[in-house]
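Q: below are the sequence and a predicted model; questions follow.
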Amino acid sequence: MASILINAIKRLHVSPQIRLCSLNSAAVTTTTANKTINILKKEWEFPPLYTKPREVWIENLDSVEEKKLGLIELHPMVYAAPPRIDIIHSNVIWQRKYRWVSWAHTKTRAEVRGGGKKPWPQKGLGRARHGSIRSPLFRGGGVAHGPRSGKSHFFMLPFHLRLHGLTTTLSAKLAQDDLHIVKDLELPTDESQYLVDLIENRNWGPSVLIIDDTDYAPRNITAATDNLLHVNIMPVYGLNVYSMLKHDTLVLTQAAAEKIEEKLLYHLHSDNRERMKKFKIDQV
Amino acid sequence: MATVLRTHSAFARLLFGKNGRILNNSLDLGAKLLPESQLALSSKHYSSYGKSPFVRKIKEQYNYEIEKNPPEWEYVKRLLPFTTIPKIIPKDSYPSGWVPPKEEALNHPYFLSRTKNAELPIYLKITYRGMRKISIIRKIEGDIWLLNDEIKQYLKQKNKRYVETRVHEVARLIETKGDYVNDLREWALSKGF
């Protein structure tokens, strides 16, 4: 397996930067014509047994042309999950609906102006019996079961569906070549045009979602993305299925990718019974 | 009627109040006691409304020290609940009859990974008041159709009748029509899953 990778690396142009390895991963260095790249082999608490971990290039944002700085391994449970489009659909529908309040409103027979008096006597006229001219039977009367203002459509999707929504979407993005891992978000300039050129050059989709592991990002990238509405930065806790589908390309920093993986793997392997119980609003 | 002076003013408390007493006549050993109060220990009646004193601010001044990671923390850690499933201690045989997965399981073109609690992912679904029984095999990795053929063949051999199965490729599961959970478990354990 490693030899295939090494041959592939020899055929590609790789920058001579040496990467720092993280504490809980063993780095396998390979020298190819005076250039060293680190292939990080991670040690997971629950390592994958059968499916191979996915290997992704680490790219740079320093220059417009892409340079491959190294390789990283990603856990298959998070980045190679089966493509469950039904779960993605449920997540998108949930994200759209749970915040929506419908403001449609109709008046009931009690609220429509008038209609307090009995229009004609009960018996004797040969007409149908009525109590008020504003009942739903009448033209101009109130609506019987119409929409009532301020109706919330809040509901909570079960925890495992939300969890698998994230894993499926990340896997789909990776499988469709829309996921890129970047070393960090240091840009040489703070001009938006630089990012536009970069995206154009690398054939990334028109819209890009950049995910960093911290709330604060370097000044250059925040200034550059400020004017571009289709390029957005988000911290790890803001990752959601709707945003991932809305933006064509997903760019994760290496730290962000590892953090997402760690959090999702924790939830995939821990006891979720408390979270799976019925959602109660007044709980602290 | 007995007149009772009940005030919250500090000045009145200085003149009429006592120090170092709490509601049920017990001594607050943490508070600093004045020598006068120690004389009149047993003469106060807390049971009557008029004679029971107000509860004062109890200033607890115990000597304590803060220590990070003391050796006693190990005993506290034992009592905390598990966050993830703990690692299984390898043994030759387990009294519950649980069989661990074997390494030869990785050699097949398909794979059945264990659940969070290290159990086989084979379940029974009963619906229609017991009239419909479906055995489900979940968490399948690898060639699902090959696994389906093998299972059909195995169950036919064992039960001498054709067994209908349903393959759900996207959800990675196989459903068999009928209660063949024990047969499937035997088969899975024989393969080492």
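A: Cool, got the structure. These numbers come from a predicted model, not from an experiment. Numbering: from 1, shown residues only, chains lettered A, B, ... in the order given.
Q: low-confidence ranges, chain B, go.
A: B:1-43 (pLDDT under 70).
Q: next one: the stretch 101-250 of chain A
A: Those would be none, if you go by pLDDT under 70 across the stretch 101-250 of chain A.
Q: quick check: residues of chain B near chain A?
A: Residues of chain B lying near chain A by C-beta under 8 Å from any C-beta of the partner chain: B:82-85, B:106, B:111, B:113, B:116, B:141-142, B:170-172. All C-beta spots, glycine's among them, are computed from the backbone N, C-alpha and C.
Q: just flag the most distant two among the residues you listed.
A: Greatest spacing in those, by C-beta to C-beta: B:Phe82 and B:Val170 (32.3 Å).
Q: of those two, who's got more company?
A: The neighbour count for B:Phe82 versus B:Val170, taken as other C-beta atoms under 10 Å in any protein chain shown, is higher for B:Val170 (11 against 8).
Q: which residues are in contact with the more buried one?
A: Counting by C-beta atoms under 8 Å, 6 or more residues apart in numbering or on different chains, B:Val170 touches A:Pro82, A:Pro83, A:Arg84, A:Ile85.
Q: now with 7 Å, please.
A: A:Pro82, A:Pro83, A:Arg84 (C-beta atoms under 7 Å, 6 or more residues apart in numbering or on different chains).
Q: residue closest to the middle of chain A?
A: Closest to where the C-alpha atoms of chain A average out (C-alpha atoms, centre = their mean) is A:Asn240, at 2.5 Å.
Q: that one touches A:Gln95, doesn't it?
A: Yes - the criterion here is C-beta atoms under 7 Å, and A:Asn240 meets it with A:Gln95 at 6.3 Å.
Q: residue ranges of the strands in the chain, please?
A: Going with chain A. A:25-32, A:35-42, A:54-59, A:68-74, A:101-102, A:151-152, A:179-182, A:208-212, A:231-235, A:249-253 (DSSP state E).
Q: correction: the question concerned chain B.
A: Under DSSP E, chain B gives strands at B:110-112, B:122-127, B:132-137, B:140-142, B:165-168, B:173-177.
Q: skipping adjacent residues, who's closest to B:Thr115 in space?
A: B:Pro121 (5.5 Å; C-beta to C-beta, 6 or more residues apart in numbering or on different chains).
Q: list the contacts of the nearest residue to B:Arg114 once chain neighbours are set aside.
A: Leaving aside its chain neighbours, B:Arg114 sits nearest to B:Pro101 (5.8 Å; criterion: C-beta to C-beta, 6+ apart). Applying C-beta under 7 Å, 6+ apart to B:Pro101 gives the contacts B:Arg114, B:Gly192, B:Phe193.
Q: please report how far A:Lys117 lies from A:Ile133.
A: Counting by C-beta to C-beta, to the nearest Å, the gap from A:Lys117 to A:Ile133 is 8 Å.
Q: more neighbours, the two?
A: A:Ile133 (18 against 9).
Q: that one contacts A:Arg113, doesn't it?
A: No - using C-beta under 7 Å, A:Ile133 is not in contact with A:Arg113, being 10.5 Å away.
Q: which neighbours do the two share?
A: By C-beta under 7 Å, 6+ apart, no residue touches both A:Ile133 and A:Arg113.
Q: where do the helices sit along the stretch 51-200 of chain A?
A: A:76-79, A:85-97, A:159-175, A:192-202 (DSSP state H, counting those that start in this stretch).
Q: okay if I get these as a markdown table plus distance to B:Arg185 and mean neighbour count?
A: Output for those, formatted as a markdown table (distance: least, C-beta to C-beta, whole Å; neighbours: other C-beta atoms under 10 Å in any protein chain shown):
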| stretch | distance to B:Arg185 | mean neighbour count |
| --- | --- | --- |
| helix A:76-79 | 24 | 21 |
| helix A:85-97 | 28 | 16 |
| helix A:159-175 | 24 | 20 |
| helix A:192-202 | 51 | 16 |
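Q: among those helices, which comes closest to chain B?
A: helix A:85-97 (7.7 Å; C-beta to the nearest C-beta).
Q: run through the neighbouring helices and strands of the closest one.
A: helix A:159-175, helix A:241-246 (3 or more C-beta pairs under 7 Å, 6 or more residues apart in numbering or on different chains; DSSP states H and E).
Q: how far off centre is the shortest one?
A: Centre-to-centre, helix A:241-246 and its host chain are 5 Å apart (C-alpha atoms, centre = their mean, to the nearest Å).
Q: so which bits of it are buried?
A: For helix A:241-246, a neighbour-count test (16 or more other C-beta atoms under 10 Å in any protein chain shown) marks A:Val241, A:Tyr242, A:Ser243, A:Met244, A:Leu245 as buried.
Q: kindly report the same for stretch B:131-146.
A: Neighbour-count burial for stretch B:131-146 [16+ other C-beta under 10 Å]: B:Lys133, B:Ile134, B:Ser135, B:Ile136, B:Ile137, B:Arg138, B:Ile140, B:Glu141, B:Ile144.
Q: how close does the first one get to B:Leu120?
A: The span separating B:Lys133 from B:Leu120 equals 18 Å under the rule C-beta to C-beta.
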